[in-house]
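Student: quick one: sequence plus predicted model below, questions after.
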Amino acid sequence: MRANYEDLLLQKDGNVLTILMNRPEVLNAVTDAMLEGLGEILEEAAQDTSIRCIVLTGAGRAFGSGADLRGFAAVHSTGEPIKVSEHLKKYHRVIRALRTLPKPVVAAVRGVAAGASCNLALACDMRIVADDARFVEAFARIGLVPDAGGGFFLPRLVGFGKALELAMLADEISGPEAERLGLANKCVPVTEFEATVQKFAQRLAKGPTQSYGLIKELMNASLSSDLEASLQLEGQLQDQAINTADHREGVAAFIQKRRAEFTGQ
Ligand code: T3D
């Protein structure tokens, strides 16, 4: 993994890799360089056995403000019809990487998470948020539709009707409200935010990493499969899980009445 990425900072603490989107002066508005870096880092993290949990967060007072709108005005000024679908593939690479990465990814959200940044948080496995968090599906405010996977994850997290409301009215959802809606897993006071994120991530990083990857595969598949397909898949995945060192360690720890020491193998 490279040491330097444009618009991103990396921190490694034990087996936890923290990725900071780093443009605090514009609330971490998303750039092409940021998306390319995220894609590269996540794809490499999938192969790196020293990384057992990833935290995606923003530098400064926000998680992210969505696509950098200053570039939009220049594009509009040409008067030519605009095609953005090709450009969106840069987001899609990141979203695929988040969903297929065989280890847990936690979005740590404080302050605003708007537009595509909001949807990057929704594409992560879990969300720990501060009570100053502000989720906003900002797209309709500027006459767009939710992109960066929002049309897929939002209704699955909050239900169909609420998703339509959030997408159409584009109102802000506070951290406590996000927790109530199931958009966030846990909301804590700002003063406890960093410590809570670190504790949560370190706990995941000490877990049975291979089993977590297989759990993620099973849950991902449930989003587009039926009961029969899910039962088939659970058998295949359990065949893999039961042959891991962490499974043997978990059983041994139970028998010996001690805490399991998982290695991720
Ligand atoms: O081609 C494609 O990429 C299509 C994909 C589109 C995906 C999208 O994400 S569309 C949605 C884009 N995002 C937005 O529409 C949100 C725009 N921002 C806001 O509505 C507000 O800034 C926030 C609600 C996010 C936060 O409000 P507030 O009051 O806390 O902060 P602020 O004062 O508005 O912003 C602070 C600074 O960040 C400010 O700069 P300044 O005046 O101090 O120099 C502001 O202009 C800048 N900023 C905020 N958001 C963006 C931004 N600069 C560029 N792009 C932004 N998205």
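Tutor: Everything's here; your move. Numbering: from 1, shown residues only.

Student: the closest residue to Arg2 other than its chain neighbours: neighbouring residues, count only.
Tutor: In this structure, Arg2 finds its nearest non-sequential neighbour in Glu40, 7.6 Å apart by Cβ to Cβ, 6 or more residues apart in numbering. The C-beta positions use only the backbone N, C-alpha and C, and glycine is treated the same way. A count of neighbours around Glu40, defined by other Cβ atoms under 10 Å, yields 17.

Student: host element of Glu40?
Tutor: Assessed by DSSP states H and E, Glu40 sits inside helix 32-47.

Student: that helix: what's the following helix or strand?
Tutor: Next element after helix 32-47 (DSSP H and E): strand 53-58.

Student: touching the ligand at all, that following strand?
Tutor: No: counting by Cβ under 6 Å from any ligand atom, the ligand has no neighbours in strand 53-58; the shortest distance is 11.2 Å.

Student: which other helices and strands contact that strand?
Tutor: Using 3 or more Cβ pairs under 8 Å, 6 or more residues apart in numbering; DSSP states H and E, the elements in contact with strand 53-58 are strand 16-21, strand 105-109, helix 115-123, helix 190-205.

Student: I'd like these written out as JSON lines, with mean neighbour count and distance to Ala148 added.
Tutor: Shown next, in JSON lines, are the helices and strands packed on strand 53-58 (neighbours: other Cβ atoms under 10 Å; distance: least, Cβ to Cβ, whole Å):
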{"stretch": "strand 16-21", "mean neighbour count": "22", "distance to Ala148": "13"}
{"stretch": "strand 105-109", "mean neighbour count": "26", "distance to Ala148": "13"}
{"stretch": "helix 115-123", "mean neighbour count": "27", "distance to Ala148": "4"}
{"stretch": "helix 190-205", "mean neighbour count": "17", "distance to Ala148": "22"}
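
Student: how about the ones you listed, which one is nearest the ligand?
Tutor: Closest approach to the ligand among the helices and strands packed on strand 53-58 (Cβ to the nearest ligand atom): helix 115-123, 2.6 Å.

Student: what parts of the stretch 1-150 of the chain come near the ligand?
Tutor: Proximity of the stretch 1-150 of the chain to the ligand is confined to 26-27, 29, 65-70, 84, 87, 112, 114-116, 136, 138-139, 141-142, 144, 147 under the rule Cβ under 6 Å from any ligand atom.
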